[in-house]
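>>> here are the coordinates; sequence isn't available:
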């Protein structure tokens, strides 16, 4: 059986991206591998063994074209309302808090935020199938 271990995104500015993910989600640098033409930064926290890999291509000077195929990364939190307020207070520009319902029943409560490179992240209330 396969085990998911990381997802990779390309970023322009290592310090800016690491600061965002640390402030927003408490992710810390677990490892950093520097090569001639690129750097790999692995971010994680104690909540899961899954890591976010940031790739910084040293020759890249312009923002990446995210295209129309990228969707989002999702994280769960214990109190999405409190996290939304914290994101606002820290200037992280979260979008509106959504109470997503199907036939009048809440199936998810969430908001989206974009990282400094425009990658979308969904922040979900820990409940139901989102544990």
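Nice, thanks for sending it over. Values in this document were obtained by computation on a predicted structure and should not be read as measured data.

>>> contacting residues for residue 66?
By Cβ atoms under 8 Å, 6 or more residues apart in numbering, the contact set of residue 66 is 117, 118, 119. From N, CA and C alone the C-beta is placed, and that goes for glycine too.

>>> so the first one, which of the three states?
For residue 117, the secondary structure call by DSSP: H, G, I helix; E, B strand; the rest coil comes out as coil.

>>> just the strands from this structure, written as ranges.
Under the criterion DSSP state E, strands of the chain are mapped to 6-10, 28-34, 38-45, 48-57, 73-77, 98-102, 105-114, 120-125.

>>> could you dump the ones you listed to JSON lines with mean pLDDT, distance to residue 65 and mean neighbour count?
Shown next, in JSON lines, are the strands of the chain (pLDDT from 0 to 100; distance: least, Cβ to Cβ, whole Å; neighbours: other Cβ atoms under 10 Å):
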{"stretch": "strand 6-10", "mean pLDDT": "95", "distance to residue 65": "10", "mean neighbour count": "14"}
{"stretch": "strand 28-34", "mean pLDDT": "97", "distance to residue 65": "25", "mean neighbour count": "12"}
{"stretch": "strand 38-45", "mean pLDDT": "96", "distance to residue 65": "18", "mean neighbour count": "17"}
{"stretch": "strand 48-57", "mean pLDDT": "95", "distance to residue 65": "13", "mean neighbour count": "16"}
{"stretch": "strand 73-77", "mean pLDDT": "94", "distance to residue 65": "18", "mean neighbour count": "17"}
{"stretch": "strand 98-102", "mean pLDDT": "93", "distance to residue 65": "27", "mean neighbour count": "11"}
{"stretch": "strand 105-114", "mean pLDDT": "94", "distance to residue 65": "15", "mean neighbour count": "16"}
{"stretch": "strand 120-125", "mean pLDDT": "95", "distance to residue 65": "15", "mean neighbour count": "20"}
